[in-house]
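Trainee: sequence below, structure please.
(chains A and B)
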Protein chains: 2
Amino acid sequence: LTDITARTSIVTIPLSELETPVPVVDLDRLGRNLDRAAEYATRHGLALRPHIKTHKSPRIAREQLTRGAVGLTCATPFEAEVMSGVCHDLLVAFPPVGQARAKRIATLPDNVDVTVALDSLASVKVIAEAARAADRRIGVYVELDLGMHRVGVPVVDDAIALARAVCALPPLEFSGIAFYPGHVREPVGAAQTGKLESLAKSVSDVIAAFDRAGVRPRVVSGGSTPTLWNTHEITGVTEFRPGTYVYNDRTTAEIGACGWDDCAFTVLATVVSTAVPHQAVIDAGSKALGREPMRGADAKDGFGALLDRPEVTVASMSEEHGILDLSKTAWRPQVGERVRVVPNHVCVVVHLNDVIAGARGDAVETTWPVAARGRGYTIDV
Amino acid sequence: LTDITARTSIVTIPLSELETPVPVVDLDRLGRNLDRAAEYATRHGLALRPHIKTHKSPRIAREQLTRGAVGLTCATPFEAEVMSGVCHDLLVAFPPVGQARAKRIATLPDNVDVTVALDSLASVKVIAEAARAADRRIGVYVELDLGMHRVGVPVVDDAIALARAVCALPPLEFSGIAFYPGHVREPVGAAQTGKLESLAKSVSDVIAAFDRAGVRPRVVSGGSTPTLWNTHEITGVTEFRPGTYVYNDRTTAEIGACGWDDCAFTVLATVVSTAVPHQAVIDAGSKALGREPMRGADAKDGFGALLDRPEVTVASMSEEHGILDLSKTAWRPQVGERVRVVPNHVCVVVHLNDVIAGARGDAVETTWPVAARGRGYTIDV
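Mentor: Numbering: from 1, shown residues only, chains lettered A, B, ... in the order given. Next up, the predicted model:
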């Protein structure tokens, strides 16, 4: 199959003919975003293992792999199952808790190298049992909490004990340590530098402690989209797992981890009502855009902003209605007019859709399914 | 097919064997919720036209129709297409703007009576053109803004002018007026009574003005789940369109429009990490629960609460992680333990899923697809 970012068809349809609301990806921007991260990884000798939760698409995953990604990161068993069709090196960066989840991970196709990230003895036991039942090696990253306070072992000695427990339970294999710097979301500046330095110190200390204990981590896996371009400053990190960078979004632009012109993903919407004065209503509400506020102390308002008029935000939403705030613009749209909304958080928007349209300028060239959307389980009753 | 709320199978599987996260509906509660609204409609001589956006399922829709619903309300063309399989009287309560949308509405199966709600001359024109092209009668409700300030004509003379424009454009037919009282969300009490009285006055005034103008509205369509049990107090309303009442949710219980024991819909989730002190992490985050805050001045925290421990809330979320706030409980869950989360806003949660499990107690008896999830369009490129 042709590179998704290259021209794939001379037969195109104009954006104006699409039914709305519909997710549209700018193929040129997607290509630039893919290239830039791949070049960064090469330049700094880092292994790029993108998180596919953002796109949930084997077609985009293949573009990441073609550009040098060492493997893929997934969150759910279904994501891993779908991605096993295009990649033979998968990390499931979510605690493998629950027999059904562990079994699905352990029964991925034989030609896939599988690694899981975990933070508890309970999860070690369940994945070890599933690995034995399936007679397959499963790699394990021990997850540490280095400030995000979501998952991860907070005490390094406990993490080392967990690594030793993994070593004692073949066919599990201790493969490395992982962390997620989701708490570092500041724009470039003093606050970000301080947090990154503190994080780098923590990473160094953890690696040193693991080394001293004789359980040297082969891989040190960290990194997000907000810290993407700073990954090389966190000494010791060998692998990074950004997701959002393929499409980017309003939050990523606000943090400064991309420019507004790097936002490749928009929801094309139609103005359906201007009856109530001082506002315009579009056909993209929480079921098309997700209800994700901007974060931080001086966070901007709204649930998304117009690509061509970033001063116009989706100020409030119902399920199928988005209310545009026109207070910062002289623009007064007509019923039927179309807009492209850059969502605050693209990952949840992709998850709301089955199909994405790929366009260059105003010409839709291709579509692709969000193949790993949903859970992919059956309930046999 | 058997009533979904009756026992459908003697072969059941226990909740404990389901993979998580998974949406589970309590069939007994669903049955009670369906019965109660139907009885209310009968008692007060009101036409119940439930909004199917909440369940998006023909199977639940059929139960509503069996219990006396006069027809169904939909928001999207796809919802209408799916529901046309079980119902021949559909209202699309969303402005029919855009040629593709209008065409899909106008080309619903011939045996379906179709009505649309609209608030602009532009939308009258586009649906009239589609109706003429399809050579079919389409009913029109003129939508008024009676305080919600989302869509709807705010000035009654303008609404009358729109009704006259509809009358002049056969095969369109002026069928009535519609409004949505989404701004009345107070719990039972003085504030709610005041808002309802004000709303009832507006409705009476509007009806009187239409009558005087010689465009008597055959149907006056209003009503939501928060105002469900007060619909009869809004004199003049002939039809109501609640959606959420089939499942209910934390918001509906908080408003007092249902009891906690009437919440039929939960997301079954598994505790996947307790590594970070003072919290437990479940495998249901924003991609399973939606990020819908409680509303109002003294709104409760969190994005959902545990069915059996409503004092435990999902305090924060990532895409696949939900963080349980354990500060108000002595309960300390173990990794692997299961919980059932009542979401804040059930409609967006259903929209995240493809299949719903139906259980009685801890026994899963049946499943049904969320058949009208998604948009149902094709992009021919």
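Trainee: what are the pairing partners of the lengthiest strand in chain A, and which direction each?
Mentor: If each strand of chain A is counted by residues according to DSSP state E, the longest one is strand A:265-273. Strand A:265-273 sits in its sheet next to strand A:22-26 (antiparallel), strand A:279-282 (antiparallel), strand A:338-343 (antiparallel), going by DSSP bridges.
Trainee: in JSON lines: those, plus mean neighbour count and mean pLDDT.
Mentor: Quick note: C-beta positions are derived from backbone N, CA and C, even for glycine. Supplementary listing: these in JSON lines, determined by neighbours: other C-beta atoms under 10 Å in any protein chain shown; pLDDT from 0 to 100:
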{"stretch": "strand A:22-26", "mean neighbour count": "25", "mean pLDDT": "98"}
{"stretch": "strand A:279-282", "mean neighbour count": "25", "mean pLDDT": "97"}
{"stretch": "strand A:338-343", "mean neighbour count": "24", "mean pLDDT": "98"}
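Trainee: between the host helix or strand of residue A:357 and strand A:22-26, how big is the angle?
Mentor: Taking DSSP states H and E as the definition, residue A:357 sits inside strand A:355-360. Taking axes from the mean of the first three to the mean of the last three C-alpha atoms, to 10 degrees, one finds strand A:355-360 and strand A:22-26 inclined to each other by 40 degrees.
Trainee: please see if strand A:355-360 touches chain B.
Mentor: Yes. Using C-beta under 8 Å from any C-beta of the partner chain, strand A:355-360 reaches chain B at A:355, A:357.
Trainee: so which residues make contact with the helix or strand just after that strand?
Mentor: Next in sequence after strand A:355-360, counting helices and strands by DSSP H and E, comes strand A:363-369. Taking C-beta atoms under 8 Å, 6 or more residues apart in numbering or on different chains as the criterion, the residues outside strand A:363-369 that touch it are A:4, A:7-9, A:12-15, A:18, A:24, A:27, A:57, A:59-60, A:354-359, B:379, B:381.
Trainee: same thing but at 6 Å, please
Mentor: Counting by C-beta atoms under 6 Å, 6 or more residues apart in numbering or on different chains, strand A:363-369 makes contact with A:8-9, A:12-13, A:57, A:59, A:355-358, B:379, B:381, all of which sit outside it.
Trainee: go on, stretch A:374-381?
Mentor: For stretch A:374-381, the surrounding residues in contact (C-beta under 6 Å, 6+ apart) are A:78, B:13, B:19, B:354, B:357, B:364, B:367.
Trainee: contact partners for the fourth one?
Mentor: When the contact criterion is C-beta under 6 Å, 6+ apart, the partners of residue B:354 are A:374, B:370.
Trainee: in ChimeraX, how would I select the buried members of the contacts of strand A:363-369?
Mentor: A single ChimeraX command suffices to select whichever of the contacts of strand A:363-369 are buried according to 16 or more other C-beta atoms under 10 Å in any protein chain shown:
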select /A:8,12,13,57,59,355,356,357,358 /B:379,381
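Trainee: looking at the contacts of strand A:363-369, which is nearest residue A:304?
Mentor: Relative to residue A:304, the closest of the contacts of strand A:363-369 is residue A:356; by C-beta to C-beta it sits at 16.5 Å.
Trainee: on that earlier part again, and the longest strand of chain A, average pLDDT?
Mentor: Per-residue pLDDT values across strand A:265-273 average out to 98.
Trainee: quick check: angle from it to strand A:363-369?
Mentor: Between the axes of strand A:265-273 and strand A:363-369, defined by the same axes, to 10 degrees, the angle is 110 degrees.
Trainee: that older thread, for residue B:143, find the nearest of the strands paired with strand A:265-273.
Mentor: Nearest of the strands paired with strand A:265-273 to residue B:143, taken as C-beta to C-beta: strand A:279-282 at 11.2 Å.
Trainee: just the CA trace of that closest one, in PDB.
Mentor: These are the backbone C-alpha positions of strand A:279-282, laid out as PDB (Å, rounded to 0.1, in the frame of the first residue of the first chain):
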ATOM      1  CA  GLN A 279     -23.700  32.800  18.800                       C
ATOM      2  CA  ALA A 280     -23.700  30.100  16.100                       C
ATOM      3  CA  VAL A 281     -24.400  26.500  16.600                       C
ATOM      4  CA  ILE A 282     -22.500  23.700  14.800                       C
END
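Trainee: now what about that strand, what contacts it?
Mentor: A:269, A:271-274, A:321-324, A:333, B:151.
Trainee: and residue A:307, what does it touch?
Mentor: Taking C-beta under 6 Å, 6+ apart as the definition, contacts of residue A:307 comprise A:266, A:340, A:342.
Trainee: distance of it from chain B?
Mentor: Plainly put, residue A:307 is 19 Å away from chain B if you go by C-beta to the nearest C-beta, to the nearest Å.
Trainee: helices of the stretch 101-250 of chain A, start to end?
Mentor: All helices of the stretch 101-250 of chain A, identified by DSSP state H, counting those that start in this stretch, fall at A:121-134, A:156-167, A:190-212, A:250-255.
Trainee: before we move on, back to that, which among the contacts of strand A:279-282 gets closest to residue A:143?
Mentor: Of all these, residue A:143 sits closest to residue A:322, with 37.0 Å by C-beta to C-beta.
Trainee: quick one: pLDDT of the closest one?
Mentor: Residue-level confidence at residue A:322 comes out at 98, pLDDT.
Trainee: okay but it is in contact with residue A:284, surely?
Mentor: Yes. Using C-beta atoms under 6 Å, residue A:322 is in contact with residue A:284, at 4.7 Å.
Trainee: now the strands paired with strand A:265-273 in JSON lines, with distance to residue A:216?
Mentor: As requested, those are exported to JSON lines (distance: least, C-beta to C-beta, whole Å):
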{"stretch": "strand A:22-26", "distance to residue A:216": "41"}
{"stretch": "strand A:279-282", "distance to residue A:216": "54"}
{"stretch": "strand A:338-343", "distance to residue A:216": "42"}
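Trainee: can you say which of the ones you listed is nearest to residue B:31?
Mentor: Distances from residue B:31 to each of these were compared using C-beta to C-beta; the shortest belongs to strand A:279-282, at 36.1 Å.
Trainee: now find how far off-centre that closest one is within its chain.
Mentor: Taking the mean C-alpha point of strand A:279-282 and that of its whole chain, the gap between them comes to 30 Å (C-alpha atoms, centre = their mean, to the nearest Å).
Trainee: just stretch A:309-319 next, same as before
Mentor: Taking the mean of its C-alpha atoms, stretch A:309-319 sits 23 Å from the chain's own mean (C-alpha atoms, centre = their mean).
Trainee: now the end-to-end length of that stretch.
Mentor: 23 Å (C-alpha to C-alpha, to the nearest Å).
Trainee: please enumerate the strands of the stretch 51-200 of chain A.
Mentor: For the stretch 51-200 of chain A, strands defined by DSSP state E, counting those that start in this stretch occupy the ranges A:72-74, A:89-92, A:113-118, A:138-143, A:172-178.
Trainee: could these be laid out in CSV, adding distance to residue B:257, mean pLDDT and mean neighbour count?
Mentor: Shown next, in CSV, are the strands of the stretch 51-200 of chain A (distance: least, C-beta to C-beta, whole Å; pLDDT from 0 to 100; neighbours: other C-beta atoms under 10 Å in any protein chain shown):
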stretch, distance to residue B:257, mean pLDDT, mean neighbour count
strand A:72-74, 40, 98, 27
strand A:89-92, 41, 98, 24
strand A:113-118, 42, 98, 26
strand A:138-143, 42, 98, 27
strand A:172-178, 45, 98, 23
